[in-house]
Each structure stands twice: as structure tokens, then as C-alpha cells.
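Engineer: Can you look at this prediction? I've put the sequence above it.
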Amino acid sequence: MLNFEQRLIDRLRAAQRIVVLTGAGTSSESGIPTFRDVLTGLWENFDAQQLATPQAFDADPEMVWGWYEWRRGLVMQCLPNSAHQAIAAMQDLVPDLSVVTQNVDDLHERAGSRDVVHLHGSLHEPRCRDCAAPYVFPAAAPDEPGGGRRLPPPVCTECGGMVRPGVVWFGESLPVDNWLRAQELASGCDVLFSVGTSSLVYPAANLPHIARAENACVVQINPQATGLETVVDYDLQGKAGHVLPALVQAVWADT
Ligand code: OAD
């Protein structure tokens with residue numbers, strides 16, 4: 001049983017607008033490795049961030065497409081965990097709640113979250129690298145062996161160009177509308193949760209600072225220190241799948 005400070009409980013009960021900023025740690029208890037986890041199989045000599053660049057795709061499209069298809073196959077086999085579920089439950093307990101995620105999976109949506117702003121794109125929405133036409137995957141999940149494999153990217157049916165993953169890579173801009181919305185949400189909320197993110201990748205990592213500058217209460221949930229501790233009002237150390245359901249229970253069980 002976790003104990004939470006009464007001041008935090010009161011603040012959450014009074015909150016009108018909550019933003020939950022999530023990162024890869026939120027999905028890790030579903031079985032999806034974070035970006036800082038060591039890769040295995042075909043990718044054991046790579047760092048995830050080396051594969052997440054336009055240069056990596058240009059240099060070796062089969063390697064990069066294979067890596068993202070492996071991740072997509074994994075996501076399709078995984079289920080939302082108790083952290084996703086607690087976030088979805090919270091939206092019915094407060095007047096206004098939005099999720100802003102750096103994750104490229106769809107586990108928040110599958111848990112029932114209705115307002116999810118994706119900052120780094122989606123594994124499920126690839127597009128042509130040349131003409132940007134969306135590419136529709138075959139219905140079946142990719143049948144990837146355990147460690148994954150190199151795979152040629154599909155060819156765009158509109159222009160014959162090469163299809164690329166629908167994610168934001170290092171060095172690329174965030175989708176403008178989503179980034180504007182995320183900034184608006186952060187600057188207008190009463191409480192911002194930063195859950196399962198290393199807070200290292202900008203501009204997403206600015207959102208807790210934007211919220212704090214507008215006097216919102218900022219709460220971090222992470223088993224490890226990230227550096228954001230100096231900014232947050234509450235640093236709840238632990239796994240999101242453990243801390244979030246306990247917090248929802250402590251704050252709203254009697255309401
Ligand atoms: P990271 O992989 O950088 O960080 C994951 C964070 O989750 C770490 O701080 C872990 O301590 C924490 N964590 C692990 N398990 C957890 C759990 N069960 N509960 C709570 N926290 C846990 O992931 P992100 O911060 O999401 O961008 O990375 C940000 C961006 O960097 C990603 O979106 C990706 C990337 O490389 C692009 O690809 C553009």
C-alpha cells in the first residue's frame with residue numbers, strides 16, 4: 001500500500017484540467033522495451049537512437065523498416081497495462097484530462113483514453129517518403145520472428161516511392177498541430193504528470209517546465225531519477241503500473 005501526501009490528494013481532487021505526459025516507461029510493463037533498454041537479436045549492436053534517424057533509413061532502409069515492423073508486431077501482441085488503464089479511468093473522474101504521449105504505440109487508445117496527442121507519430125501510420133501518401137498495412141499482424149529481421153519497405157501505390165515508418169525521427173520536426181496543442185494543454189492545466197519518460201528528448205521535455213511556469217503542480221512517476229526532480233512538486237518513485245492505480249484509488253475511491 002502506497003501512501004501519498006494529503007496535499008497532493010487535495011490538489012488532485014480540486015484539479016479541473018490534468019495533462020498526462022507519457023514516455024516509453026509507461027508501456028514497458030506491457031512488454032515493450034524502452035529506448036534506453038539494451039537491444040537484442042539482430043539489433044544488439046545498435047542503439048535505438050541510431051536507428052531512429054532519416055540518415056539511418058537512407059543508408060539501410062531494410063534494417064530500419066525491419067526494426068519498426070518488429071516493434072509494431074510486438075505492440076500488436078501486447079496489451080495495455082494498469083498504468084494505461086489508470087490514466088483512462090482518471091479521465092472520467094476529472095472534468096478535463098488529456099494524454100500527451102511520446103509513444104508510437106496505441107496502448108492509451110486501447111485502454112480507453114479518448115484524447116491522446118501523439119508527439120512522435122505512430123507505428124501504425126506509415127506514409128510514402130516521397131509523396132507522403134498514407135500506406136495501409138495488410139490486416140494481419142507482421143509475423144516477425146523473436147529477434148526480428150531485415151525487411152524491404154513497401155512501395156507507395158500512388159507514386160512508386162519508398163514507404164517509411166510514420167514516426168518522428170531525430171532531427172525531424174514534431175507534427176505542428178500536435179505540438180501546438182500539447183503546449184496549450186501544458187500551459188493551461190492544473191496538474192501535469194510526467195510518467196515513464198527520461199525527460200531527455202526535446203521539445204517534449206519542455207512540457208513540464210511550461211506547466212510549472214504557469215504554476216501547475218507537476219508530478220513525476222518513474223522508478224529512476226531523470227533530472228526533472230528539481231522541477232517537480234512531487235516525485236513518486238516507482239513503476240507507473242503500480243503507482244498510478246494506487247494514486248487513483250487514494251484520490252478518488254470515495255468520490
Ligand atoms: P526512454 O527510453 O528515454 O526513457 C524511459 C523512462 O521510463 C526511463 O526514465 C525509465 O526509468 C522509465 N521507466 C522504465 N520502466 C518504467 C515503469 N515501469 N514505470 C515508469 N517509468 C519507467 O523513453 P522516452 O522518455 O519516452 O523519440 O524517450 C523519449 C523519446 O526518445 C522517444 O519518444 C523516442 C526516443 O528515442 C523518438 O524516436 C523521436
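Structural biologist: Structure's in. What do you need? Residues are numbered from 1 along each chain as shown.
Engineer: quick one: V232 and the ligand, what's the gap?
Structural biologist: 13 Å (CB to the nearest ligand atom, to the nearest Å). To be clear about C-beta, it is placed using only N, CA and C from the backbone, and glycine gets the same treatment.
Engineer: Just list the residues touching that residue, thanks.
Structural biologist: The contact partners of V232, by CB atoms under 8 Å, 6 or more residues apart in numbering, come to 194, 208, 212, 218-220.
Engineer: Mind telling me which residue of the protein is nearest the ligand?
Structural biologist: Of all residues in the chain, the one sitting closest to the ligand is G25 (2.2 Å; CB to the nearest ligand atom).
Engineer: which ones are touching that residue?
Structural biologist: 34, 195-198, 222-223, 240.
Engineer: Which ones among these lie within helices?
Structural biologist: A240 (DSSP state H).
Engineer: Please pick the buried ones from the contacts of G25.
Structural biologist: 34, 195-198, 222, 240 (16 or more other CB atoms under 10 Å).
Engineer: Save the contacts of V232 as a markdown table, and put in neighbour count too.
Structural biologist: Shown next, in a markdown table, are those (neighbours: other CB atoms under 10 Å):
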| residue | neighbour count |
| --- | --- |
| S194 | 27 |
| P208 | 24 |
| R212 | 17 |
| V218 | 24 |
| V219 | 24 |
| Q220 | 24 |
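Engineer: sorry, back to before: where does the residue of the chain closest to the ligand sit relative to R7, distance-wise?
Structural biologist: 25 Å (CB to CB, to the nearest Å).
Engineer: and if you look at Y234?
Structural biologist: Taken as CB to CB, the span from Y234 to R7 is 9 Å.
Engineer: going on from the top helix by length along the chain, what's the next piece of helix or strand?
Structural biologist: Using DSSP H, we find that the single longest helix of the chain is helix 61-77. Once helix 61-77 ends, the next helix or strand along the chain (criterion: DSSP states H and E) is helix 82-90.
Engineer: helices and strands around that following helix, which ones?
Structural biologist: strand 17-22, helix 24-28, strand 96-101, helix 107-111, helix 240-252 (3 or more CB pairs under 8 Å, 6 or more residues apart in numbering; DSSP states H and E).
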